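**Q** Got a predicted model here, sequence first, then my questions.
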Amino acid sequence: MPSDAPAGSRPVVHEGRCVICKVGRMRPGEATFTPDDDQDLTVVIRHVPAEVCDCCGDAMVDEATARALLAMAPRPPTSGVFVLNYAA
């Protein structure tokens, strides 16, 4: 399948179409993620490399980035707000 993604970038889903809005195209970019852990804790992770829809703004990360995001969450869970920057 041909892809319009630059060489070396992460593969996109459905040949670049957004799986949420179905009309936008997924483009390499950055996103902010706020994982919900059902605790009294808010974690904000900024500047995460992601494929971002140019129409609706939905963002998706690859498996390696998802693992890195999970590893960044503070342990043990506490209450409060943590703002982190993703560093590749």
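**A** Now that the structure is in, tell me what you want to look at. Residues are numbered from 1 along each chain as shown.
**Q** element containing the residue nearest to Val44 when sequence neighbours are not counted, please.
**A** Distances taken as Cβ to Cβ, 6 or more residues apart in numbering place Val83 nearest to Val44, at 4.6 Å, with adjacent residues excluded. C-betas here are computed from N, CA, C, even on glycine. Assigned by DSSP states H and E, Val83 belongs to strand 80-85.
**Q** Which parts of this protein are strands?
**A** 26-33, 41-53, 59-60, 80-85 (DSSP state E).
**Q** Redo these as TSV? Include mean neighbour count.
**A** TSV is the format used below for the strands of the chain (neighbours: other Cβ atoms under 10 Å):
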stretch	mean neighbour count
strand 26-33	16
strand 41-53	18
strand 59-60	18
strand 80-85	11
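**Q** Reformat these as TSV; add distance to Glu15 and mean pLDDT.
**A** Output for the strands of the chain, formatted as TSV (distance: least, Cβ to Cβ, whole Å; pLDDT from 0 to 100):
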stretch	distance to Glu15	mean pLDDT
strand 26-33	9	94
strand 41-53	12	90
strand 59-60	14	94
strand 80-85	31	77
